[in-house]
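Trainee: return a 3D structure for these sequence lines:
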Amino acid sequence: MDLENQFVDETECGSQRAATLSVLNMGVNLVEILTLSASAFLTKIGIQWCFVFVGCFLMAIALLFARIQK
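Mentor: Predicted coordinates:
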């Protein structure tokens, strides 16, 4: 919460401070919902597939970085 207050202070929102904090809180809630939904989905399909997805994701990132560095 202190980090959010510091961010709002730095952006100098003035009279829109409460609205800005509310939007930030909605963003945090949205990320939490997406994270919990992804966790439930991965648990439902099984732990083996979680490792497969993570492995494919890491390979994709490695290929992307290899392509960028060329």
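Trainee: pLDDT averaged over the helix or strand that contains residue 64 - what is it?
Mentor: If you go by DSSP states H and E, residue 64 is part of helix 47-69. The average pLDDT for helix 47-69 rounds to 90.
Trainee: mind listing what's buried in stretch 19-33?
Mentor: Using 16 or more other Cβ atoms under 10 Å as the test for burial, stretch 19-33 gives 21, 24. C-beta coordinates here come from the backbone N, C-alpha and C atoms, glycine included.
Trainee: show me how far that stretch is from its chain's centre.
Mentor: Stretch 19-33 sits 12 Å away from the centroid of its parent chain (Cα atoms, centre = their mean, to the nearest Å).
Trainee: begin at 107, not 1, for the rest of this chat.
Mentor: Fine by me, first position is 107 from now on; the one you just mentioned is stretch 125-139.
Trainee: what residues does that stretch touch?
Mentor: 110-111, 113-114, 117, 119 (Cβ atoms under 8 Å, 6 or more residues apart in numbering).
Trainee: most neighbours among these, which one is it?
Mentor: residue 114 (19 neighbours; other Cβ atoms under 10 Å).
Trainee: so that residue makes contact with residue 123?
Mentor: Yes - Residue 114 lies in contact with residue 123 (Cβ atoms under 8 Å); the separation is 5.7 Å.
Trainee: what's the helix or strand for the residue sitting nearest the centre point of the chain?
Mentor: Geometric centre of the chain, nearest residue: residue 137, 5.7 Å, by Cα atoms, centre = their mean. According to DSSP H and E, residue 137 maps onto helix 123-151.
Trainee: what is the orientation angle of that helix with helix 153-175?
Mentor: 120 degrees (axes from the mean of the first three to the mean of the last three Cα atoms, to 10 degrees).
Trainee: how far off centre is helix 123-151?
Mentor: 8 Å.
Trainee: before we move on, back to that, give me the residues contacting the helix holding residue 170.
Mentor: Helix 153-175 is contacted from outside by residue 148, using Cβ under 8 Å, 6+ apart.
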